[in-house]
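Colleague: need a 3D model of the following:
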Amino acid sequence: MTQQIRIGLFGAGRIGQVHAMSLATLDEATLAWVCDPFIEGAKRTAAEFGGRVSDDPGEVFASGEVDAVIVASPTATHIDLVEMAIDSNVPVLCEKPIDLDISRVNALRAKAAESDVPIVLGFNKRFDRHFVELKRRVAAGEIGTLEQLLITSRDPGEPPAAYLAESGGIFRDMTIHDLDLARYFIPGIVEVSARGANVFSENVRQAGDFDSAVVTLRGSNDELVTIVNSRHAAFGYDQRVEAFGSTGLLHVGNKNDTLVRHWSARAVEAIGPYQNFFLERYAEAYRLEVAEFLRAVRGLPSRSPGFEDGRAALILADAAEESARTGVAVTVNLES
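Modeller: I've put the predicted structure just below:
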């Protein structure tokens with residue numbers, strides 16, 4: 001491997017741009033290739049961040065000019081690119097989900113397990129320093145035995161209709177991040193209950209999806225996790241986590257861009273709006289996610305979530321979908 005890790009980026013859309021920006025802040029890596037079937041997008045990304053361009057993944061892997069790859073392309077392409085990375089002996093960071101079809105994920109499971117190639121899943125919330133601090137303090141016993149976890153995740157506004165049609169639904173697209181975050185705190189999830197609703201969005205309804213959802217998970221020690229999701233929030237990007245234990249409570253609240261508070265006759269402790277986009281809220285987490293992936297590429301100990309974490313999150317998302325459609329709790333076994 002060269003001194004600088006040469007990265008191939010698949011996908012020059014919004015999340016591809018996020019990873020390109022993260023790489024630009026890391027001295028130990030360089031963007032060597034940008035690959036996208038929409039070649040003009042690849043050219044624009046390469047013009048800003050460097051690298052050669054292609055619309056053919058095979059060309060990137062055959063070039064011998066990448067030490068690792070990041071898969072930020074549409075979900076339908078993920079699993080094929082992960083398999084190509086394994087076959088090419090190239091470490092891979094893949095955005096969630098691995099695929100929308102658990103049978104395709106299971107078909108690759110044995111090959112992934114037998115490979116020495118690092119396979120990392122893009123669950124960026126594990127790298128948010130506030131959530132990491134919360135996890136550390138829970139693990140240190142600061143609130144005694146963890147009994148309940150509450151995860152609130154509401155987007156500022158619904159995504160475009162074209163995106164909704166290909167997203168796989170709220171549970172596989174949005175809740176899946178929170179399901180992985182739940183497993184970060186409580187790995188042994190054994191049961192999933194979910195309810196979905198159509199409260200405000202006709203576009204979401206027409207896509208056959210829910211615009212609001214609540215998921216309850218039960219851990220192997222009877223811990224309870226509640227996940228609250230919505231495709232909109234009038235006050236910005238709503239991202240909160242609360243951990244309740246036998247001796248206390250820990251809470252991570254929302255972020256805004258200023259610590260200034262305003263007192264007046266009309267309001268007390270009025271503050272500015274919360275950050276309004278996931279790129280603002282999680283920019284640092286995305287950079288740390290890539291930095292941790294680079295540790296794995298170099299063969300160093302890494303806390304990056306792997307293939308099995310991606311598979312487990314998809315199993316939970318599928319169970320949430322089933323429960324929301326049937327009204328019945330679903331028992332899960334994440335090890336089988």
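Colleague: count the residues that sit near residue 87.
Modeller: Other residues within reach of residue 87, judged by other CB atoms under 10 Å, total 12. Every residue, glycine included, has its C-beta placed from N, CA and C.
Colleague: likewise for residue 257?
Modeller: Counted with other CB under 10 Å, residues neighbouring residue 257 total 12.
Colleague: need the helices for the stretch 151-300 of the chain, in chain order.
Modeller: Secondary structure of the stretch 151-300 of the chain, counting by DSSP state H, counting those that start in this stretch: helices at 161-166, 170, 176-185, 202-206, 278-297.
Colleague: and the contacts of the third one?
Modeller: Right, helix 176-185. With contact meaning CB atoms under 8 Å, 6 or more residues apart in numbering, helix 176-185 is reached by 96-97, 121, 123-126, 131, 135, 138, 146, 149, 151, 153, 189, 215, 217, 225, 227, 229, 241, 243, 305, 309, 312-314, 316-317, 320.
Colleague: select from the residues you listed every entry located in strands.
Modeller: Secondary-structure check on those using DSSP state E: residues within strands are 121, 146, 149, 151, 153, 189, 215, 217, 225, 227, 229, 241, 243.
Colleague: in terms of pLDDT, where does the most centrally placed residue in the chain sit?
Modeller: Centroid-nearest residue in the chain, with CA atoms, centre = their mean: residue 123, separated by 3.2 Å. On pLDDT, residue 123 comes in at 98.
Colleague: contact partners for it?
Modeller: Residue 123 makes contact with 96, 177, 180, 181, 305, 309, 310, 313 under the criterion CB under 8 Å, 6+ apart.
Colleague: just to revisit the earlier point, of the ones in strands among the contacts of helix 176-185, which is the most crowded?
Modeller: Going by other CB under 10 Å, residue 121 tops these with 30 neighbours.
Colleague: which residues does that residue contact?
Modeller: Residue 121 makes contacts with 93-96, 98, 180, 304-307, 309-310, 313, as judged by CB under 8 Å, 6+ apart.
Colleague: so what pairs up with it in the strands?
Modeller: Note on residue 121: beta-bridge partners by DSSP bridges are residue 94.
Colleague: cool, thanks, talk later.
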